[in-house]
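1. My questions are about this predicted structure, shown below with the sequence.
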Amino acid sequence: AASGRGSRESSPRGGGGDVPTRDVWVGEPDRSVDEHFAKNTISTTKYTWWNFLFKNLFEQFRRIANAYFLLIAALQLVPGLSNVSFFSSIFPLSIVLGVTAVKELFEDVKRARSDRTINRRATQVVDTTVRAERLVDKQWRDLQVGHIVKVRKNELIPCDMMLLNSSLPQGLCYIETANLDGETNLKLFQGLKDTIAVATPDNIGRVRAHIKSETPNNRLYVYEGTLRLDGGTELSLSAKNLLLRGCVLRNTDWVYGAVVFTGQETKLMQNATKAPSKRSTIEKQMNWGLGTIFLAMFAMCFFCAMYGQVEPGFSHWYVHGTTDTDADGVPDDVFFAFSGSFRGFIFNFGSFIVLFSTMVPISLYVSIEFAKVFQALLINQDKTMYYEPKNMAAKARTTNLCEELGQVEYIFSDKTGTLTCNAMEFKKCSVGAISFDVSKTDDDVASERAAAAADDDDGAVDLDADNDDDALAAAAAASATA
């Protein structure tokens, strides 16, 4: 990742050794422009406009059937080797490649639209030309290193930014990092005391500071840097002061933050990987199955070519495409002269490969592609997979792995919360011998309370009666002794 000028300077924490750092000027984004930092735009697409054709063809020819039919088309270009036209193989191959390419292009366009929507999300930037808080609406893609951003409750953090102050005492704020590590438990972050004192709504426009930060990296829980306010001392920064892109602000009305990393240089994007070329289990099994067909076909071609070598005068129209004879009645075949030689065997073998090419079902891939597309559409429209609390329906982001659903064999988890969503439902409890159940009404609880009170009264009466009997027995015993 780009790291600005990335000069070799002392460690941000002042330790020994030289490490690359970057200078961030808080409240002065124009100075950061000269450092050539990344723009706050992201791209998760698999292709670009210039590599789509080459990359897509490379991925498609990883399929053994596509590579085979390309070989067949090349063999048909050899004059006299086949009586079948070159277009009989290249045309269906082109259809297969075209259908798959259109599907891949459609899915990548959806990724590009999703990226565009994210990049155009709105946020608020502090106007640093005035002293008091004055906010300017900007899109995420327009944020620059050094901007002071205000994020409100339940909003996404638009970039990696240093926490300056918050609406809670001591500059505390609660962050949900589920988009980063899957943890739904809120984490506590805190600003520095010095920044809390100056980064107030009445003075936020005048905050100026210099941050010497580490260069972009993928370490989510580690951050090293220093901050120096105008006329102040150098203060150490840690991961507890850095709010990461993709997190959500919770239980806090607002926070102020200084932009440190943007776009592809954020820790979220540093941990992201390019869209991989995934192949499903069915596709791998198809390759193995087609490999078996190839072995059987090559064996047939081998025996047929050997027969053509041992059979005198072997020449047929369906092999070399001609049955013409010369004046002596000998087949007028350009390959007949090689009969009985190794070269003739190679020519016959190539001819039979072209003849038996129909054994390989090239339309199988097209059928599978259409089945995957329609399966993805059914998943998107499945009402039983709709999650009402979040108004979220199932969405198949790619059609390559639809058939992998439901084939999970093992789940490795460090806690049960991964499977239970950390959600607990109240069932029943007992307080003071009174049972509280979600299925009981207020009248049921009132009747149980009355019954419990009656039992207490009866117990008290019986206890008194027992005491009276004991007292009478003791008195009788005393009188008898006397």
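-> Sure thing, it's come through.
2. could you point out where the stretch 151-300 of the chain is predicted with low confidence?
-> 274-278 (pLDDT under 70).
3. run the last query once more with 80
-> 182, 184, 231-232, 273-281, 283-284, 287 (pLDDT under 80).
4. Could I get the full set of helices for it?
-> 178-181, 193-198, 267-270, 281-310 (DSSP state H, counting those that start in this stretch).
5. Which strands and helices lie in contact with the last one?
-> Looking back up the chat, that one is helix 281-310. helix 64-76, helix 342-355, helix 363-380 (3 or more C-beta pairs under 8 Å, 6 or more residues apart in numbering; DSSP states H and E). Backbone N, C-alpha and C define where each C-beta goes, glycine included.
6. which helices and strands does the last one pack with?
-> Under the contact criterion of 3+ C-beta pairs under 8 Å, 6+ apart, helix 363-380 touches helix 64-76, helix 87-119, helix 281-310.
7. what's the burial count for residue 290?
-> Close neighbours of residue 290, defined as other C-beta atoms under 10 Å, add up to 21.
8. Tell me if I'm right that it and residue 365 touch.
-> No. Contact between residue 290 and residue 365 fails when scored by C-beta atoms under 8 Å: they sit 9.6 Å apart.
9. got any residues that touch both of those two?
-> Listed as contacting both residue 290 and residue 365 by C-beta atoms under 8 Å, 6 or more residues apart in numbering are residue 65.
10. quick one on the thing from earlier: export the helices and strands packed on helix 281-310 as TSV, with columns for mean neighbour count.
-> Putting the helices and strands packed on helix 281-310 into TSV (neighbours: other C-beta atoms under 10 Å) gives the following:
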stretch	mean neighbour count
helix 64-76	18
helix 342-355	19
helix 363-380	15
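11. Could I get the ones you listed in a markdown table, plus columns for distance to residue 443 and mean pLDDT?
-> What follows is the helices and strands packed on helix 281-310, written out as a markdown table (distance: least, C-beta to C-beta, whole Å; pLDDT from 0 to 100):
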| stretch | distance to residue 443 | mean pLDDT |
| --- | --- | --- |
| helix 64-76 | 72 | 81 |
| helix 342-355 | 86 | 79 |
| helix 363-380 | 46 | 83 |
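12. Which one, of those, ends up nearest to residue 196?
-> Residue 196 sits nearest to helix 363-380 of all these, at 47.1 Å, using C-beta to C-beta.
13. that older thread, just tell me which of the helices of the stretch 151-300 of the chain ends up closest to residue 60.
-> helix 281-310 (11.5 Å).
14. got a list of what the residue nearest the centre of the chain touches?
-> Centroid check for the chain by C-alpha atoms, centre = their mean gives residue 272 as the closest residue, at 7.7 Å. Neighbouring residues of residue 272 by C-beta under 8 Å, 6+ apart: residue 44.
15. now swap in residue 179 and tell me
-> 246, 247, 248, 268.
16. Including neighbour count and distance to residue 447, could the residues you listed go into a markdown table?
-> Output for the contacts of residue 179, formatted as a markdown table (neighbours: other C-beta atoms under 10 Å; distance: C-beta to C-beta, whole Å):
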| residue | neighbour count | distance to residue 447 |
| --- | --- | --- |
| 246 | 20 | 53 |
| 247 | 21 | 50 |
| 248 | 17 | 46 |
| 268 | 20 | 57 |
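17. Which of those fall in strands?
-> Taking DSSP state E, the ones among the contacts of residue 179 that sit in strands are residue 248.
18. Show me the two of the contacts of residue 179 that sit farthest apart.
-> 248 and 268 (12.7 Å).
19. I'd like to know the beta-bridge partner residues of the nearest residue to residue 186 once chain neighbours are set aside.
-> Excluding its sequence neighbours, the residue lying closest to residue 186 (C-beta to C-beta, 6 or more residues apart in numbering) is residue 174, at 4.3 Å. With DSSP bridges as the criterion, residue 174 is bridged to residue 188, residue 250.
20. Was I right to think residue 174 contacts residue 185?
-> No. Counting by C-beta under 8 Å, residue 174 does not reach residue 185; the two are 9.9 Å apart.
21. More neighbours: which of the two?
-> residue 174 (17 against 10).
22. contacting residues around the more buried one?
-> 186, 187, 188, 189, 249, 250, 251, 252.
23. Check residue 259 too.
-> Counting by C-beta under 8 Å, 6+ apart, residue 259 has contacts 24, 29, 40, 143-149, 159-161.
24. so which one among these has the lowest pLDDT?
-> Within the contacts of residue 259, the minimum per-residue pLDDT falls on residue 29 (85).
25. count of neighbours near it?
-> Neighbours around residue 29, by other C-beta under 10 Å: 20.
26. circling back: show the buried residues in the contacts of residue 174.
-> Buried members of the contacts of residue 174, counted by 16 or more other C-beta atoms under 10 Å: 186, 189, 249, 252.
27. isn't the first one right next to residue 248, touching?
-> Read it as residue 186. No. Using C-beta under 8 Å, residue 186 makes no contact with residue 248, being 9.4 Å away.
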